[in-house]
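A.B. asks: Give me a model of this one.
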Amino acid sequence: MDTLQNMRVFVRIVEVGSFTAAAQSMNATTGVMSRAVSELEERLRTRLMNRSTRRLALTSAGESYLRRCRQILADIDHAEEEASSAHKWPAGVLRMRSFPSVGHRYVLPALTRYHAQYPNVSIELSLSQQMPDLFDGTSDMAVVAALSLPDSDLVSHTLGSTFSILCASPDYVMRHSVPVYPRDLGAHACLTLSTPAFPTHEWVLEGPGGVERIHVSGPVQTNTAESLTLAIRDGIGIGILPVYSALDALRDGTLVRVLPDHILQKMNVYALQPSRKFTDAKVRTWVELLRAQVPAMIARDVEALSTIAGEQQAA
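C.D. replies: A predicted model of the protein is given here:
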């Protein structure tokens, strides 16, 4: 029998006043009760109680040990209750990771709604361009955009599909000829985005002519869509941006779309969690909210891109 269980037996014997009554309450035998106390005494090298056929009495060491046992067992019971309630009620700290652009566009708006529903949950959001490791114990879940997911034990939920487009600044378009075909990109400064999901210097365009692979180069390479957006706005060259990163700049006219009949880098947005078994309530409710909210956000972004294209053609 383990020490913790022996401690429970010891406390029960003292509470009910006899080995027989303790055995009956714990659905065990008096021999098991006696052996538990003996194992404790052997481990501690101290007599905890004096017992006879008629009565038992704690030694001074037994009285001190009893107080400690009760405190330890109460703490363990409280810890188990807290852990069990975490499965039922959202509370505590929700630690999540996301790619910067996805986090800004989809995660943060969803967090606002989530916090309004579950104010007892505090949120730690870490943004990184690297695919998160959810088995290192530092995060509860992640939201990422990827062409596909590597084989792993992660549980994934597909929240929607999106893609990237080519953009440039109005100033760049005025100073250079506008590409008409994908092959024309070879004559332009192409600003590249370095991510684990797609090759940096090979752009794969899908359009009316099918799929075309173009090798590109240019003066700027960065690893986040936010920094690439700034470089494109400054008129340095043409670059790829995810729809969700380009929309605001397309709306306010600081960016224009290049080769509007073509798209690049089709990808899915995923919510990832380490396991479906014993899922914490805050993770479960967060994933439920993402599945309810993010698909509509992604669909609105794709629709907004079409609306902007129609308005520009009309103009």
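A.B. asks: Check which helices and strands the helix ranked longest in the chain sits against.
C.D. replies: For the chain, the longest helix by residue count, based on DSSP state H, is helix 281-314. Here helix 281-314 touches strand 92-98, helix 108-117, strand 141-146, strand 155-168, helix 243-252, strand 256-258, strand 263-273, going by 3 or more C-beta pairs under 8 Å, 6 or more residues apart in numbering; DSSP states H and E. (C-beta placed from N, C-alpha, C; glycine too.)
A.B. asks: domain assignment for this protein?
C.D. replies: 3-85, 161-268 (automatic domain parsing).
A.B. asks: and the longest helix of the chain, which residues are buried?
C.D. replies: Going by neighbour count (16 or more other C-beta atoms under 10 Å), the buried part of helix 281-314 is 281-283, 285-287, 289-290, 293-295, 297-298, 301-302, 304-305, 308.
A.B. asks: per-residue pLDDT, Pro109?
C.D. replies: Listed pLDDT for Pro109 reads 93.
A.B. asks: hey, where'd the helices end up in the stretch 101-250 of the chain?
C.D. replies: 108-117, 170-175, 225-233, 243-252 (DSSP state H, counting those that start in this stretch).
A.B. asks: Now do the SS call for Thr254.
C.D. replies: coil (DSSP: H, G, I helix; E, B strand; the rest coil).
A.B. asks: which residues does it contact?
C.D. replies: The contact partners of Thr254, by C-beta atoms under 8 Å, 6 or more residues apart in numbering, come to Ser169, Pro170, Arg233.
A.B. asks: Most neighbours among those, please name it.
C.D. replies: The residue in the contacts of Thr254 with the most neighbours, by other C-beta atoms under 10 Å, is Ser169 (22 neighbours).
A.B. asks: which phi and psi does that residue have?
C.D. replies: The phi and psi values for Ser169, taken as degrees, to the nearest 10, are phi -90, psi 150.
A.B. asks: mind listing what it touches?
C.D. replies: With C-beta under 8 Å, 6+ apart, Ser169 has these contacts: Ile232, Arg233, Asp234, Gly235, Thr254, Leu255, Val256.
A.B. asks: May I ask which of the residues you listed has the most neighbours?
C.D. replies: That'd be Ile232 among the contacts of Ser169, by other C-beta under 10 Å, with 28 neighbours.
A.B. asks: contacting residues around that one?
C.D. replies: Here Ile232 is in contact with Cys167, Ala168, Ser169, Tyr172, Leu191, Ile238, Gly239, Leu241, Leu255 (C-beta under 8 Å, 6+ apart).
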